[in-house]
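Peer 1: just coords:
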């Protein structure tokens, strides 16, 4: 079973993601948090195959630090960034820091999100577009 941790500041978005995977027998929501501080504690006590990391603020480079932290302390855990349209430069920095994939929030229907999670959990990469005007 694939264990997923969701990091997203929007409770509504987290609830939507949880609902998408609720009936899925092989993707388990191992935990959720609204921020990077909560993620540190969660990862320390809850193993995860994939962290779905919501990137919400275009001026906050904490996501790069989070990426480094996960890669350093939890190297088996893969990172899928879930990005807003105005975060291209942050996602680029995260790519350089070692994320395994990203998906734009407008692109993230349940089929595409599941495809991305499964692909990176299996050791691959998934790099979608943020939007049609701002691709990476």
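Peer 2: Arrived safely. These figures come from a predicted structure and were not determined experimentally. Numbering: from 1, shown residues only.
Peer 1: For the rest of this, base every contact and every neighbour count on C-alpha atoms.
Peer 2: Noted.
Peer 1: This structure: strands as residue ranges?
Peer 2: 2-7, 27-33, 50-55, 78-83, 101-104, 126-127 (DSSP state E).
Peer 1: So residue 1 is in contact with residue 26, correct?
Peer 2: Yes: using CA atoms under 8 Å, residue 1 makes contact with residue 26 at a distance of 4.6 Å.
Peer 1: any chance of the strands of the chain in TSV, with distance to residue 62 too?
Peer 2: Formatted as TSV, those follow (distance: least, CA to CA, whole Å):
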stretch	distance to residue 62
strand 2-7	13
strand 27-33	15
strand 50-55	10
strand 78-83	13
strand 101-104	16
strand 126-127	20
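Peer 1: what residue ranges in the chain score low on pLDDT?
Peer 2: Counting by pLDDT under 70, the ranges of the chain that qualify are 58-60, 85-86, 129-136.
Peer 1: try it again with 50
Peer 2: Scanning the chain for pLDDT under 50 picks out 131-132, 134-135.
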